[in-house]
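>>> Got a predicted model here, sequence first, then my questions.
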There are 2 protein chains.
Amino acid sequence: MKDSQWISSPTQNSRWVAMEIEECISRRRDTRHFLSDEVPERVLNQAFAAAHHAPSVGLSEPWRFVVVQDQKVKQKLFDNFNAIHRNATLELTDEKRKQIFLSLKLEAILEAPLGVAVFCEHPATENLTIGIQGTTDAFEWSCACAIQNFWLSLTAQGYSAGWVSILDMNLFKSELKVPETWIPMGYLCVGKPATNYEGIPMLELKKWGKRSSKPVIFYL
Amino acid sequence: MKDSQWISSPTQNSRWVAMEIEECISRRRDTRHFLSDEVPERVLNQAFAAAHHAPSVGLSEPWRFVVVQDQKVKQKLFDNFNAIHRNATLELTDEKRKQIFLSLKLEAILEAPLGVAVFCEHPATENLTIGIQGTTDAFEWSCACAIQNFWLSLTAQGYSAGWVSILDMNLFKSELKVPETWIPMGYLCVGKPATNYEGIPMLELKKWGKRSSKPVIFYL
């Protein structure tokens, strides 16, 4: 792949997919149920190109990705999830809530054709970055924007992701052998969705919670 | 406005705007130069609807918005920015870098027709939220995804935003009189862009930095 593809204009690149932005934003789902179809390299690369177009504080581009296809690595991550999930179950004292919780599928680590672990790396001279004077958390927020772009691109291409964050994050880092300084942001299971959950979040469909009709906004 | 608008399907809502997702992602710019045109209420509401469609950890919807139109409040925020900006200038010992830094316009607080301050509110029983077992920072990451959706929607509608984070965040909170528990994520200047910066980030155009051609990706 030529480097120039990554920052080329979409009009110069026939591989960009047409889906209206608002429709795509609305259709994006946190997916836990995937078909076994492989994710073509062009789909993944296009999603990474979208991620790389995210706003980054002071042009820091702090996002780091690890694509996981090795089944042994996936198994370690799945074990990691299970241990933390078990602890989360113990926190729930309300029996009815616990039953709903146990009925929820909250990952697809083993069966999704691939996973993308996301990390944030602060620059060595972070104090010289424009825009982190308020908080250096802005680096992680840039990465979250990159994840959202990645997810929207997958959605537009007929694929999806599910963001798994029920993990021991230190173990997660060591399992993926990434540098000590990288900040873990979770694991995206990626593939072709087996369902769109009737067009609403799976947690809402399963009656765990309900979206509010509109956001909280004040006016000054 | 009817509540149902906020979570209705885009196909039921003629106000959704058609711009291809990948084009929109690529065209979004961190805007510091605005025309004086007002931002119509329907444009702003549509952008908030997009924000409210962001993924939120455990369906927490932790984003909180404060729309600022009051010129006196804007002046306070501008003074806040200026004090922190001055401190940031002092950090720069390289004279050439300092000259570039001083030539950069890094906010548009006074002249943008409106601003949107963004905050994150953790739920009172955050330990019961699905997905924060790895880190409760996931609440802020949800808000960052909401900001990205908001920005993309504005871009698709011919408007834009500029994310200002060179702020004393505690002062920012008190200036906007928000609850003590809200976590400040910065201030978005919103309006119709006066320029697209030749289609590249303004920091790149002004030779402060350069985007890399592609993201850092490892494969396992």
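Ah, there it is. Residues are numbered from 1 along each chain as shown, chains lettered A, B, ... in the order given.
>>> Next one: residue A:117 from residue A:44, what distance?
Residue A:117 sits 14 Å away from residue A:44, going by Cβ to Cβ, to the nearest Å. Yep, even glycine has a C-beta here, placed from its N, CA and C like the rest.
>>> Those two: which is more packed in?
Shown here are residue A:117 and residue A:44; by other Cβ atoms under 10 Å in any protein chain shown, residue A:117 has more neighbours (26 against 22).
>>> residue boundaries of the strands in chain A?
In chain A, the strands defined using DSSP state E lie at A:63-68, A:114-120, A:160-164, A:183-191, A:216-219.
>>> Let me have those strands in a markdown table, adding mean pLDDT and distance to chain B as columns.
A markdown table is the format used below for those (pLDDT from 0 to 100; distance: least, Cβ to the nearest Cβ, whole Å):
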| stretch | mean pLDDT | distance to chain B |
| --- | --- | --- |
| strand A:63-68 | 98 | 5 |
| strand A:114-120 | 98 | 9 |
| strand A:160-164 | 98 | 6 |
| strand A:183-191 | 98 | 6 |
| strand A:216-219 | 95 | 5 |
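>>> Including distance to residue A:30, could those go into TSV?
TSV is the format used below for these (distance: least, Cβ to Cβ, whole Å):
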stretch	distance to residue A:30
strand A:63-68	18
strand A:114-120	14
strand A:160-164	5
strand A:183-191	10
strand A:216-219	21
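>>> packing partners for the longest helix seen in chain A?
Longest helix in chain A, counting residues (DSSP state H): helix A:71-91. Secondary-structure packing of helix A:71-91 (3 or more Cβ pairs under 8 Å, 6 or more residues apart in numbering or on different chains; DSSP states H and E): helix A:95-103, helix A:169-175.
>>> go with 6 Å
If you count contacts as 3 or more Cβ pairs under 6 Å, 6 or more residues apart in numbering or on different chains; DSSP states H and E, helix A:71-91 packs onto no helix or strand.
>>> Quick check: buried residues in it?
Neighbour-count burial for helix A:71-91 flags A:73, A:74, A:76, A:77, A:80, A:81, A:84, A:85, A:88 (criterion: 16 or more other Cβ atoms under 10 Å in any protein chain shown).
>>> Contacts for that helix, please.
Residues from elsewhere that reach helix A:71-91, judged by Cβ atoms under 6 Å, 6 or more residues apart in numbering or on different chains: A:107, A:109, A:110, A:166, A:167, A:168, A:171, A:175, B:127, B:133, B:220.
>>> swap in stretch A:157-167?
A:17, A:30-32, A:43, A:80-81, A:84-85, A:107-108, A:151, A:154, A:186-190, A:192-193, B:131, B:133-134, B:138.
>>> gap between the residue of chain A positioned farthest from its centre and residue B:80?
The centre of chain A is farthest from one residue, residue A:220, which by Cα atoms, centre = their mean lies 34.0 Å away. If you measure residue A:220 against residue B:80 using Cβ to Cβ, the figure is 15 Å.
>>> swap in residue A:46?
Taking Cβ to Cβ, one finds residue A:46 at 40 Å from residue B:80.
>>> and if you look at residue A:151?
33 Å.
>>> give me the number of residues near the closest residue to residue A:198 other than its chain neighbours?
Excluding the flanking residues, the one nearest residue A:198 by Cβ to Cβ, 6 or more residues apart in numbering or on different chains is residue A:205, at 5.9 Å. By the other Cβ under 10 Å criterion, the neighbourhood of residue A:205 contains 13 residues.
>>> isn't residue A:205 right up against residue A:197?
Yes: counting by Cβ atoms under 6 Å, residue A:205 does reach residue A:197; the two are 5.0 Å apart.
>>> Apart from its chain neighbours, what residue comes closest to residue A:53?
residue B:25 (5.0 Å).
>>> Where does pLDDT dip in chain A?
Scanning chain A for pLDDT under 70 picks out A:1-18.
>>> ok, now which ones touch residue A:183?
Listed by Cβ under 6 Å, 6+ apart, the contact set of residue A:183 reads residue A:120.
>>> what sits opposite residue A:164 in the beta ladder?
Note on residue A:164: beta-bridge partners residue A:187, judged by DSSP bridges.
>>> Compute the number of surrounding residues for it.
Around residue A:164 there are 26 other residues, counting by other Cβ under 10 Å.
>>> Next one: it from residue B:172, what distance?
33 Å.
>>> what does residue A:97 give?
In this view, residue A:97 and residue B:172 are 36 Å apart by Cβ to Cβ.
>>> Between those two, tell me which one has more neighbours.
Neighbours per residue (other Cβ under 10 Å) separate residue A:97 from residue B:172, with residue B:172 holding more: 24 against 12.
>>> doesn't residue B:184 make contact with the more buried one?
Yes: counting by Cβ under 6 Å, residue B:172 touches residue B:184, with 5.2 Å between them.
>>> nearest to residue A:201, of the strands of chain A?
Of all those, strand A:160-164 sits nearest to residue A:201, with 11.3 Å by Cβ to Cβ.
>>> Dump the closest one to CSV, restricted to CA.
What follows is strand A:160-164, C-alpha atoms only, in CSV (Å, rounded to 0.1, in the frame of the first residue of the first chain):
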residue,chain,number,x,y,z
SER,A,160,-19.0,-3.4,12.8
ALA,A,161,-17.1,-3.4,16.0
GLY,A,162,-17.8,-4.1,19.7
TRP,A,163,-15.7,-2.2,22.3
VAL,A,164,-14.6,-4.5,25.1
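>>> That one to helix A:71-91, inter-axis angle?
Strand A:160-164 runs at 60 degrees relative to helix A:71-91, counting by axes from the mean of the first three to the mean of the last three Cα atoms, to 10 degrees.
>>> Work out the gap between strand A:160-164 and the centre of the chain.
Mean-position distance between strand A:160-164 and its chain equals 5 Å (Cα atoms, centre = their mean, to the nearest Å).
>>> That strand vs strand A:114-120, what angle?
Interaxial angle, strand A:160-164 versus strand A:114-120 (the same axes, to 10 degrees): 50 degrees.
>>> Could you check how many residues crowd around residue A:59?
Around residue A:59 there are 20 other residues, counting by other Cβ under 10 Å.
>>> Pull the number of nearby residues for the residue lying closest to it once chain neighbours are set aside.
Leaving aside its chain neighbours, residue A:59 sits nearest to residue B:209 (3.9 Å; criterion: Cβ to Cβ, 6+ apart). Per other Cβ under 10 Å, the neighbour tally for residue B:209 reads 17.
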